[in-house]
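Colleague: Okay, sequence plus prediction incoming.
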Amino acid sequence: MAYSNGKKIEIRETMLSLDVVERAQVWMQHDPNPTTVQYLQDLLYPASNDEHHVAFCEQRLNSLFPSPANRRLQFGTAGLRGRMQPGPVGMNDLVVIQTAQGLASYVIQEYGLSSAAAAETSNCCDDHNVLGDSSQSPQLKHTDGICALVGYDHRSSVGDPYGVSSLSFAIFTALVFMEAGIDCFLLDGFVPTPLVSYGVLRYVPEQMTRRSKSKGKVNQEQPTAKHGTGITDSREIDSPLTAIGIMITASHNPAKDAGYKVFWTDGCQIRSPTDKIIAASIQENLVPWTDYQKLYNDLKAKFPNDPCLGLSMPRETEKLISAYYQAIWDSGLVTTAPILDQASVEKHGKAMPPIPTLSSFSYSSDKPCIQFCYTAMHGVGHKFVQAAFARFGLPRLVSVPSQEQPDPKFSTVAFPNPEERGALDLAKKYAVEHNCAIVLANDPDADRLGVSEYNPTTKEWTDFTGDQIGLLLGHWLWMQFRNKQGVADIEAHGSGACAQVSMVSMCSSTVSSQALAVMARQEGFHHEETLAGFKWIGSKASELAKSGKYNQMFAYEESLGYCCGNVLFDKDGITACIVLVQLAMHVYSDTTNSSEDGRGSLVQHLQYLYKKYGEFVSDNGYFLLDDPSKIPVIMNHITQGGKFERSRIPKIVGTTNGQDGANGSGKDADFYEISSIRYLGQPGYDSTTVDKKPVLPTSKSSPMVTIRFTNGGVAQFRASGTEPKFKYYLELQGQPGVDRATVREVLKHWKKAVLQEFLPRAEFDLRHPDGNDKED
């Protein structure tokens, strides 16, 4: 039954505009949070008649309740993400309730396995208001066989008078799903995002298993997992329940933001059109189904000392965490064997039993060849990463004390994102003071990994890009598999002739480096390109793993997101950290053959890979575009009105023939030749396919163009979906043996020609972000 909280909102004369006052009052009637209600009350009825204060209150209300009345924070494939504040365009308890109701209603429609008598519906609010036209609850069903797994991070509106947090969002989400008759597994305490993705795919609480079995739904025994001796196809455990996941996090956004991410039953982030269907369901379920404030207060009175109000499952949460670690172990990602004596075991806690190593390298856990400095960037990663390293017998990480505990203020960083310039400065300083050569940084929800390496000779740091880390991780995992299969056998018959090799698969996004694809072609394993975003990368990795044809080994995107093995199919900064440390210990362990196999440092090892596969130099950027109506005009220019007749572009007068020179041919021509064009708009186009239709999904609202050149260059163009930017992604591949400086110089000249041809700034009013008006 649709329910109004029934609060008597004080209504008296005010000096503010009537329309915004009405929108705020309707919202307050349903808001279960007394703190946000009081905040709005103070804005509605200013304590002072001072005209400046009154103007401020009205301006603030209009920003919280903008016109038109149905404007609200939009739900998409990334779920919700926005600033914590009252009103329909912010992240707050009522927005979360509305979102959870829409999601639960869609789950029931999709998986409505059984139902009790449908609840009566009633119209509790006749006004057309900020809650929308919908004022009826769905035909609620009490379902068996479906479970919602909910995790949350440490974010809260500390410093602002709103009284909201990721915890409160998680609690209200659990209450909504319980109201809908859907089992809910609320994780106890702050957790990293990868744990939710893993839990959806692999784990269901024992109590829910028993309940489902007792109702005759399923009677299956879960197989006992056995440790593999390599990177194996980690088969999905049969589960008596279907699960979806909800992670309350804003990841690496600024401190005042919160987020609501949804994982579907395959353990991957939701994709279109599911997001649109859920968004429509949210619009149909805006009015609260029950008095959630009363439910909350009753539980708070009953469980005054429990932050989760008795809704969480602490023992099952510990079991899930343990299962996650076990899955990492079973996957074979821990391929470097420690030499553990009894003292080491006692020091590090209960370690996993010894395993057959896939490499010839072992080390003493108390005397590692290299020291690592770790920062959780004020997020949740510290507890989980340290526990994993102790459990696997990996060397102890030197943690940055001021950044290791969850801190909603993110006190020491402006932006808690390892990609941001200066974000790792404190960790680097601490690393030097404690003789650490490498800094490892998880973002706050621990699904990304940043890496930086110190050169004690030059006293300089190298911040590795996402593409460089992707190449390092992908090659390491490939080499462990190669060692397991037998180097001699592969070299004798050729990697392409080895069936085991051809069954290996890796994925990367279309805006990531070509390096992984080049490595795949050279080594003989399978590589797939996906659209940008882990919703696409993860779903493709899942598809390959479940096809039975491939051992899906690695997937990544250039923005520091990596999926090692197939423990789960989303970004996982914890497993990436585990794998990277083993790689680093290997390259630091023996420098005698550094020129031959890249030993000595990560920088040297990366250069060894470039020597083997070619240099890959990128230059990504964007122009500011104030008028979004020009986006289709720009795309029309790039695609020549859908004719795609451009076969080459002229060089800028006075430049050398770039990549021909980089290849050592010495030729001099006047044009850069185009080898292929792909347009992921509608209608789509791909010059490389027989029917000229692209294999990747197309989008009318967010098209993308990829143009490949015979000189090894790739240029990609798209408009940002959230900011007034038109983005470009440029990468140039040099041939093996050509040094990086040469390729970088070639890229500089090629970039000028590409941008002048495809993005003439003056013609489309594109502005350089640094204010420079000169054409590139």
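Modeller: Now that the structure is in, tell me what you want to look at.
Colleague: helix or strand for residue 505, which one?
Modeller: Assigned by DSSP states H and E, residue 505 belongs to strand 504-509.
Colleague: let me fix that: residue 609
Modeller: Going by DSSP H and E, residue 609 is part of helix 602-613.
Colleague: Please spell out which residues along that helix are buried.
Modeller: Neighbour counts over helix 602-613 (16 or more other Cβ atoms under 10 Å) mark 602, 604, 605, 606, 607, 608, 609, 610, 612, 613 as buried. (C-beta placed from N, C-alpha, C; glycine too.)
Colleague: residue ranges with poor pLDDT in the stretch 351-500 of the chain?
Modeller: Scanning the stretch 351-500 of the chain for pLDDT under 70 picks out 351-368, 486-500.
Colleague: and what of the stretch 51-200 of the chain?
Modeller: Ranges of the stretch 51-200 of the chain meeting pLDDT under 70: 112-144.
Colleague: quick one, helices of it?
Modeller: 51-64, 93-111, 166-179, 193-202 (DSSP state H, counting those that start in this stretch).
Colleague: Now render the ones you listed as JSON lines, adding distance to residue 519 and mean neighbour count.
Modeller: As requested, the helices of the stretch 51-200 of the chain are exported to JSON lines (distance: least, Cβ to Cβ, whole Å; neighbours: other Cβ atoms under 10 Å):
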{"stretch": "helix 51-64", "distance to residue 519": "50", "mean neighbour count": "15"}
{"stretch": "helix 93-111", "distance to residue 519": "40", "mean neighbour count": "24"}
{"stretch": "helix 166-179", "distance to residue 519": "39", "mean neighbour count": "25"}
{"stretch": "helix 193-202", "distance to residue 519": "25", "mean neighbour count": "28"}
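Colleague: of those, which approaches residue 468 most closely?
Modeller: helix 193-202 (21.8 Å; Cβ to Cβ).
Colleague: Can you tell me which helices and strands the closest one packs against?
Modeller: Contacts defined by 3 or more Cβ pairs under 8 Å, 6 or more residues apart in numbering; DSSP states H and E place helix 193-202 against strand 146-152, strand 242-248, strand 257-263, helix 314-331, helix 573-589.
Colleague: coming back round to it: which is the next helix or strand following the helix holding residue 609?
Modeller: strand 616-624.
Colleague: in that next one, what counts as buried?
Modeller: Neighbour-count burial for strand 616-624 [16+ other Cβ under 10 Å]: 616, 617, 618, 619, 622, 623.
Colleague: so which of those comes closest to residue 184?
Modeller: residue 622 (41.1 Å).
Colleague: wait, what's in contact with that closest one?
Modeller: Contacts for residue 622 (Cβ atoms under 8 Å, 6 or more residues apart in numbering) come out as 720, 725, 726, 727, 728, 769.
Colleague: Filter those down to the buried ones.
Modeller: By 16+ other Cβ under 10 Å, the contacts of residue 622 give 725, 726, 727, 728 as buried.
Colleague: Can I get those in a markdown table including secondary structure and pLDDT?
Modeller: Below are these laid out as a markdown table (DSSP: H, G, I helix; E, B strand; the rest coil; pLDDT from 0 to 100):
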| residue | secondary structure | pLDDT |
| --- | --- | --- |
| 725 | strand | 90 |
| 726 | strand | 94 |
| 727 | strand | 93 |
| 728 | strand | 94 |
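Colleague: Tell me the one among those nearest to residue 755.
Modeller: The closest of these, once distances to residue 755 are taken by Cβ to Cβ, is residue 728, at 7.0 Å.
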